[in-house]
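>>> what shape does this take:
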Amino acid sequence: MFKKSVGLISIFFLFFPAAFYAQKAAIYPTNWWVGMQYHQIQLLIKSATSDAIATNQIQINYPGVQLLKVHPLENKTYVAIDIDITGATKPGIVPIVFWAGNSKQTIQWPLYNRRNGNGTQFAQGVNASDFIYLAMPDRFSNGDTTNDRIPGMRDQSLNRDSIYLRHGGDFQGIINHLDYLQNLGVTTLWLTPVIENDEPNRTEHGYAFTNHYIIDPRLGGETMYLKLSDALHKRGMKLIQDAVYNHVGSKNIFFLDPPMHDWFHQWPTFTQTSYKDQPLYDPYAAAIDKKITSDGWFTQKMPDLNQNNPYVANFLIQHAIWSVEKFGVDGWRIDTYIYNDLDFMNRCNAALEKEYPKITMFGETWVHGVSSQAYFVNNKIQIPFKSNLQGATDFQMLFDGILPAVNQPFGWTEGVNRLYSTLAKDFLYTNPMHNVIFLDNHDLSRFFSEVKEDVAKQKMGIAWLLTSRGIPQMYYGTEVLMKGFTNPDGWVRLDFPGGWKGDKKNAFTGEGLLTEEFAVQQYTRTLANFRKSSPALTTGKLMQYVPKDGVYVYFRYTSTQTIMCVMNTSEKVHKTDWNNYAQRTAGFTKGTDVTDGKTVRNNFEIAPKTLMVVELKQ
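Below you'll find the model as predicted:
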C-alpha cells in the first residue's frame, strides 16, 4: 500500500446519512456453492427500505439449507443469519423471505456447483518455480475504450497526462498481451486490486474498496475478470489476487451506512496508525502503542475495519473464500499485513487453507530487519504469538540485500556483504523459499532509478532476482528500464509503453525501444525462460560463500544440476578460481554462461558490475 500524511478529523463527521446508501435489498455473500468445506456461513442482509427488518419473520424454504440463527444488528435495516448448506443440498435458487415494516421482501440467492480442479486447475498455489509479474491494470494496456468511463461512478477522469487520474487500462488489455508475458518467462500474474473503487478520485491504484462483491467495471467487471482467469489457466499460468482486509474506501457501502457502530475502528478524533511494527512484538510495549499500530487508520480516506467484530471477521473470511471459488484465484497477496488484527489473520489464512489446501498466501510486511519480518510469517522463533502466514514480500532482501549490493562500495558491513548477511538470517523462517523477492513495486522507486539508470546494475539486479532463493516478482516495465522515484508515487505507476493505441514506443513488439531497453528485455526473457526448466533455480538448495573484494559467489543446486552465480560488484575485472569453491565445483570441468551460451572454464573472467550465471558441466 502507500503511506500518506493526513490531518485530524472527527470520526463523527466522516459518517454519511443512511440516505446516501443505494436503496435496494442486498445480500452478502452474493452466492455460495454446494459441497464446500465452509458450508456453515453467515449471510448479511440489507433491507430495500428504511424500515427495520423483523428478525422473527425470516424464512428459508429450500431442501438442505437450514436456518440456524438470526442475529439482530444495531442498524435495524440489517440482519445477519447463520445457515448450514448440508451435504444433500442441490444447486439452485434459494428464496430468502423477510419483512421490513409492512414490506415483504424476497432475495433470490444462488447456490452453484463448485469449480472443477481445486488444487490442479485453480487454487494451485504459487511457489519458487514460478515467476510473478505485477501489473497495475489501469496502467498496463487499454484493450477496451468503451469502459474507460462508467456512467454513475464518482470518478469520471481520463487523462494520461496526469499521474493521478485514470488512464483506461483494463483486463482486455492484459488478455491481449498474454503472449508477451508468457514469452517473457512469466508464469503468474499479480494485479493490484480489481474490486470496485467508487471513490471520487485516486481510483487508479485500487486499494479503497467500496463494494467487495463488485469487480470494477472500468476494468471490465466480473465477466472480463473471469475471462482473464480462464485465459491464464488455459496457458498453464496462474492468477494472484490482491487482498485488502485492513481498510476500505470512504465511499464503501458499509461506511456510508454501517451495520454496527463498531464495524470500523473509532477514535475520539482521527488517529492514524504509527506505521510502527515494533509495538506488536516488543516485550516492553505500551498497550496504547500496540492499539495505534493495529487500530489506527491507514489514511484519512481509508476507514479501518474492526476485525475483532465477529460479523466483520465473517464477512471478510467469506469474501476471501468466495473470491477464490468464483474467479479461480491461485494465490493471495495480502496488503498491509501487519496492520491487521493478527489473530484474525491466522483464522482467515487457516480457513482458506482448509478449503484450498494448495493455495499460497504472502503478506506485505514493510518492516525493517529480518527478525521483524520473520515475526509475521511462519518462523522458528520461540514467541507467544505464532503466525501461520506462509511467506512475506521480502523487503529485507531488497533494502538490506540487492540494493546495497549494487549501490554501495564493498566493506565489512556494506555493499554485497549486506546481501550475504541478510540471507544468512534465513534460519529464522520455517521456509524462506515461500518469501517473494523483488526489485521494486507500485509503492517503491523504480530499481532503474535507484541504480542511477546504470544498465549493468539493472541486469545484475534482474539476474539476482531470477537466481536467488524464494519466489521472484517483477514489476511491470522493469524489463524495459521503466524509471521513476516515489515523489510522489504516481511517477512509478506510469503507462507500459505500447499499451495504448498510438504509443510511439511499443515494448510488446519492440518497436521504438532503445537499444538498451531491448537488450535488457531480451536478457530478462533469456534468463527467465532458462529458469523455467532449471531444477536448480526453481527447487534447488542454495549455498553462499563469504564475499571477498566485492565478489559474491553463490550456488543453486540439486543432485542433477549445479548453477554457479558470480556477482562482481567491484570496478575491476575478476578471475574466478573454482578451487575456492570446491565443495560445489568438484567434478566439474567447464560451464555454460546461461545468458549467452558461451563455454567457460576455471579462472574465467567476470567484468565489473556483472552477475554471471553459469551452469556447470562435467
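>>> where does the prediction get shaky in this protein?
Within the chain, the segments meeting pLDDT under 70 span 1-23.
>>> who's sitting farthest from the centroid in it?
Distance to the chain centre peaks in the chain at Asn102, reaching 46.2 Å (criterion: Cα atoms, centre = their mean).
>>> the closest residue to it other than its chain neighbours: neighbour count?
In this structure, Asn102 finds its nearest non-sequential neighbour in Asp51, 7.7 Å apart by Cβ to Cβ, 6 or more residues apart in numbering. Yep, even glycine has a C-beta here, placed from its N, CA and C like the rest. If you count neighbours by other Cβ atoms under 10 Å, Asp51 ends up with 15.
>>> tell me the secondary structure of Asp51, please.
coil (DSSP: H, G, I helix; E, B strand; the rest coil).
>>> with Ile383 instead?
coil.
>>> relative to Ile334, how far out is it?
Ile383 is 20 Å from Ile334, where distance means Cβ to Cβ, to the nearest Å.
>>> between the two, which one's more packed in?
Neighbour count, other Cβ under 10 Å: between Ile383 and Ile334, Ile334 has more, with 24 against 11.
>>> what separation do you get for the more buried one and Ala392?
Using Cβ to Cβ, Ile334 is found at 10 Å from Ala392.
>>> intersection of neighbour lists for those two?
Contact criterion Cβ atoms under 8 Å, 6 or more residues apart in numbering; residues shared by Ile334 and Ala392: Phe362, Gly363, Glu364.
>>> nearest residue to Glu571 in space, please, no chain neighbours.
Pro608 (5.1 Å).
>>> so how far is Val551 from that neighbour?
Pro608 is 10 Å from Val551, where distance means Cβ to Cβ.
>>> the more surrounded of those two?
Comparing Pro608 with Val551 by other Cβ under 10 Å, the one with more neighbours is Val551, at 19 against 13.
>>> hey, what's the more buried one bridged with?
Lys548, Asn568 (DSSP bridges).
>>> and what of Ile45?
Counting by DSSP bridges, Ile45 forms beta bridges with Ile27, Val79.
>>> my read: it touches Ala80, true?
Yes - judged on Cβ atoms under 8 Å, Ile45 makes contact with Ala80 at a distance of 7.5 Å.
>>> still on that earlier bit, show me what contacts the residue nearest to Glu571?
Applying Cβ under 8 Å, 6+ apart, the residues contacting Pro608 are Ala456, Asn568, Ser570, Glu571, Lys572, Val573, His574.
>>> sorry, back to before: show the contacting residues for the residue nearest to Asn102.
By Cβ under 8 Å, 6+ apart, the contact list for Asp51 reads Thr77, Ala100, Gly101, Asn102, Ser103.
>>> rerun at 10 Å
Shown in contact with Asp51 (Cβ atoms under 10 Å, 6 or more residues apart in numbering): Lys76, Thr77, Trp99, Ala100, Gly101, Asn102, Ser103, Gln105.
>>> one more: Met260?
Applying Cβ under 10 Å, 6+ apart, the residues near Met260 are Leu73, Glu74, Asn75, Tyr78, Ala80, Phe254, Asn306, Asn309, Tyr311, Val312.
>>> what's the separation between Asp330 and Val613?
Asp330 is 28 Å from Val613, by Cβ to Cβ.
>>> ok, now Leu398?
Here Leu398 is placed at a distance of 20 Å from Val613 (Cβ to Cβ).
>>> equivalent analysis for Ser534, please.
10 Å.
>>> helix, strand or coil for Phe588?
Put simply, Phe588 is coil when judged by three-state DSSP.
>>> that one contacts Asn602, doesn't it?
Yes - Phe588 is within contact range of Asn602, at 8.8 Å (criterion: Cβ atoms under 10 Å).
>>> between these two, which contacts overlap?
Common contact partners of Phe588 and Asn602 (Cβ under 10 Å, 6+ apart): Trp578.
>>> strands along the stretch 451-600 of the chain, start to end?
With strands called from DSSP state E, counting those that start in this stretch, the stretch 451-600 of the chain shows them at 471-475, 541-544, 551-557, 562-568, 574-576, 590-593, 599-600.
>>> make a markdown table from the ones you listed and add distance to Thr413 to it.
Converted to a markdown table, the strands of the stretch 451-600 of the chain look like this (distance: least, Cβ to Cβ, whole Å):
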| stretch | distance to Thr413 |
| --- | --- |
| strand 471-475 | 26 |
| strand 541-544 | 16 |
| strand 551-557 | 14 |
| strand 562-568 | 17 |
| strand 574-576 | 21 |
| strand 590-593 | 31 |
| strand 599-600 | 32 |
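>>> show me what contacts Asn142?
Asn142 neighbours (Cβ under 10 Å, 6+ apart): 148, 158, 160, 167-170, 172-173, 176, 495, 499-501.
>>> from the residues you listed, which land in strands?
Counting by DSSP state E, no part of the contacts of Asn142 is found in strands.
>>> from the residues you listed, pick the one nearest Leu352.
The closest of the contacts of Asn142 to Leu352 turns out to be Asp170 (Cβ to Cβ; 27.4 Å).
>>> doesn't Thr223 make contact with the closest one?
No - the pair Asp170 / Thr223 is not scored as a contact, 11.7 Å apart, by Cβ under 10 Å.
>>> which residues are in contact with each of the two?
Contact criterion Cβ under 10 Å, 6+ apart; residues shared by Asp170 and Thr223: Pro217.
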